[in-house]
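Give me a model of this one.
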Amino acid sequence: MSEVGRKNISLSRLHFGYGRASKRGIPLVVCLIFNCLFAQSLSLEKLDSGSDASFRGLDVVNRNVVWVSGTGGTVLRTVNGGKSWKNVSVPHQDKTDFRDVEGFDKNSAIVMGIATPAQFFKTTDGGQTWNPVYFDDREGIFFDGMSFWNRKEGIAFSDPVDGGHILIRTEDGGDSWFELPSKGIPAKLDPEFGFAASGTGIPVQGKHTAWLGMGGVKSRVFKSEDGGFNWTVTETPVVHGGQSTGIYSVAFKNKKMGIAVGGDYTNQSIKNTMAYTHDGGTTWHLPEKQTHQYRECVAHYRGNTFFAVGPSGFDRTTDNGKIWTPHYWEVQDLTAIAFAKGTRTGFTVGKRGQIYRLKVNP
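Sure, this is the predicted structure:
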């Protein structure tokens, strides 16, 4: 186990993307205005992860404790707000891609290995040891995301198998899992699937509410109010119809206000990559203004503010999804973002071992 330090990154480089702005045909003065205004409200520090893994799993327990997971069986943990990171990877899993991680505290966490076979592991001693808690080697199994309502009850979903949706649930903190009955889940479309871009396609709220974002021939959001046993489904206007189009991430700030983002990872500049709901997912609407860029993760910050990230950087909305503004042209290949509840601190991760600490200023 090795500790690694942090590295500062020049804010001036991040806030002024002259070359890239001009290549995209964006007037430099407009880019400067956007970035100068945003620079006053957000600081970004690049942290040294000590890894070149592609990170997609991220859970910010609090401003000090953060868990990160990714390719090569990699799992990292910090207990000092990112000043140093400890490699606590699961032994003998160097071929496993951990696309999601759920951290309960500085000692306890679960990581989700997506496929061939799908394996979940749990630690209760800060990553010194890991215990296998779920194994699935069915053909076609591919887990996309995992969430917990509390320390005991959680849910995860896979791409459909044998023509049916696959959801599993735990009621003992992830020590064991059982598959939810398919009779309570609306029939899948052909094709229909999820995306494991950031493990955030299945957010939860309250004691029993969950949503599930899917793609394929349609971009649909499923909703359960009884812990995943029964679901309703609604179509959204997020881009759909292809083998790689749909909803990649969903976030709710409460049981009413939510946002879905996605697009097409094979065509990263595409229209209609975002939608918002103000009625708990019954109806979904396109924003009045969006960046039309593929986005892999969306997260609620506080109040009416959400952030979304993807290959081309950041977007932010301050009105629950109606209007989005792009930022940080020079920060690329981000995959996940999350914030410490009740604070102005957040983290974002990406490819090639990227980890950044965010601070949103008043």
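
Okay, the closest residue to residue 268 other than its chain neighbours and residue 243: tell me how far apart.
Of all residues not flanking residue 268 in the chain, residue 294 sits nearest, at 4.1 Å (Cβ to Cβ, 6 or more residues apart in numbering). For the C-beta atoms, the positions are set from N, CA and C on the backbone; glycine is no exception. In this view, residue 294 and residue 243 are 14 Å apart by Cβ to Cβ, to the nearest Å.

can you pull the contacts of the residue nearest to residue 268?
262, 263, 264, 265, 267, 268, 269, 270, 273, 310, 311, 312 (Cβ atoms under 8 Å, 6 or more residues apart in numbering).

Confirm for me that the first one is in contact with residue 248.
Yes - using Cβ atoms under 8 Å, residue 262 and residue 248 qualify as a contacting pair, with a distance of 3.8 Å.

list residues touching both of the two?
The contact sets of residue 262 and residue 248 overlap at 195, 213, 215, 295 (Cβ under 8 Å, 6+ apart).

Reformat those as TSV; add neighbour count.
As requested, those are exported to TSV (neighbours: other Cβ atoms under 10 Å):
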residue	neighbour count
195	26
213	32
215	29
295	30
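
Among those residues, which are located in strands?
213, 215 (DSSP state E).

what's the closest of the shared contacts of residue 262 and residue 248 to residue 231?
For the shared contacts of residue 262 and residue 248, the residue nearest residue 231 by Cβ to Cβ is residue 213; the value is 12.4 Å.

The residue lying closest to the closest one once chain neighbours are set aside sits in which helix or strand?
For residue 213, ignoring the flanking residues on the chain, the nearest one in space by Cβ to Cβ, 6+ apart is residue 247 at 3.4 Å. Assigned by DSSP states H and E, residue 247 belongs to strand 245-252.

Run the chain-centre distance for that strand.
Put simply, strand 245-252 sits 9 Å off its chain's centre (Cα atoms, centre = their mean, to the nearest Å).

Beyond it, next helix or strand please.
Next along from strand 245-252, by DSSP H and E: strand 258-264.

phi, psi of residue 167?
Torsion angles at residue 167 (phi, psi; degrees, to the nearest 10) stand at phi -130, psi 140.

Do I have it right that it meets residue 157?
Yes - shown here, residue 167 and residue 157 form a contact pair, counting by Cβ under 8 Å, at 4.9 Å.

Looking at those two, which one has more neighbours?
Legend: neighbour count by other Cβ atoms under 10 Å for residue 167 and residue 157, higher for residue 157 (27 against 23).

Next, the contact list for the more buried one, please.
Residue 157 makes contact with 143, 144, 145, 165, 166, 167, 168, 194, 201, 202, 212 under the criterion Cβ under 8 Å, 6+ apart.

and the two most separated of the shared contacts of residue 262 and residue 248?
Among the shared contacts of residue 262 and residue 248, 215 and 295 lie farthest apart (Cβ to Cβ), at 12.9 Å.

shared neighbours of these two, which are they?
Residues touching both residue 215 and residue 295 (Cβ under 8 Å, 6+ apart) are 248, 262.

what are the ranges of the strands in the stretch 201-350 of the chain?
Secondary structure of the stretch 201-350 of the chain (DSSP state E, counting those that start in this stretch): strands at 204-205, 209-213, 215-216, 220-224, 232-235, 245-252, 258-264, 274-277, 297-302, 305-310, 313-317, 324-327, 334-339, 345-350.

could those go into a markdown table alongside distance to residue 108 and mean pLDDT?
Shown next, in a markdown table, are those (distance: least, Cβ to Cβ, whole Å; pLDDT from 0 to 100):
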| stretch | distance to residue 108 | mean pLDDT |
| --- | --- | --- |
| strand 204-205 | 18 | 98 |
| strand 209-213 | 21 | 98 |
| strand 215-216 | 32 | 98 |
| strand 220-224 | 25 | 98 |
| strand 232-235 | 33 | 98 |
| strand 245-252 | 23 | 98 |
| strand 258-264 | 28 | 98 |
| strand 274-277 | 32 | 98 |
| strand 297-302 | 22 | 97 |
| strand 305-310 | 26 | 97 |
| strand 313-317 | 30 | 93 |
| strand 324-327 | 34 | 90 |
| strand 334-339 | 17 | 98 |
| strand 345-350 | 19 | 97 |
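
Throw the ones you listed into a markdown table and include distance to residue 122, thanks.
Below are the strands of the stretch 201-350 of the chain laid out as a markdown table (distance: least, Cβ to Cβ, whole Å):
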| stretch | distance to residue 122 |
| --- | --- |
| strand 204-205 | 19 |
| strand 209-213 | 21 |
| strand 215-216 | 29 |
| strand 220-224 | 24 |
| strand 232-235 | 31 |
| strand 245-252 | 24 |
| strand 258-264 | 29 |
| strand 274-277 | 33 |
| strand 297-302 | 23 |
| strand 305-310 | 27 |
| strand 313-317 | 32 |
| strand 324-327 | 36 |
| strand 334-339 | 20 |
| strand 345-350 | 21 |
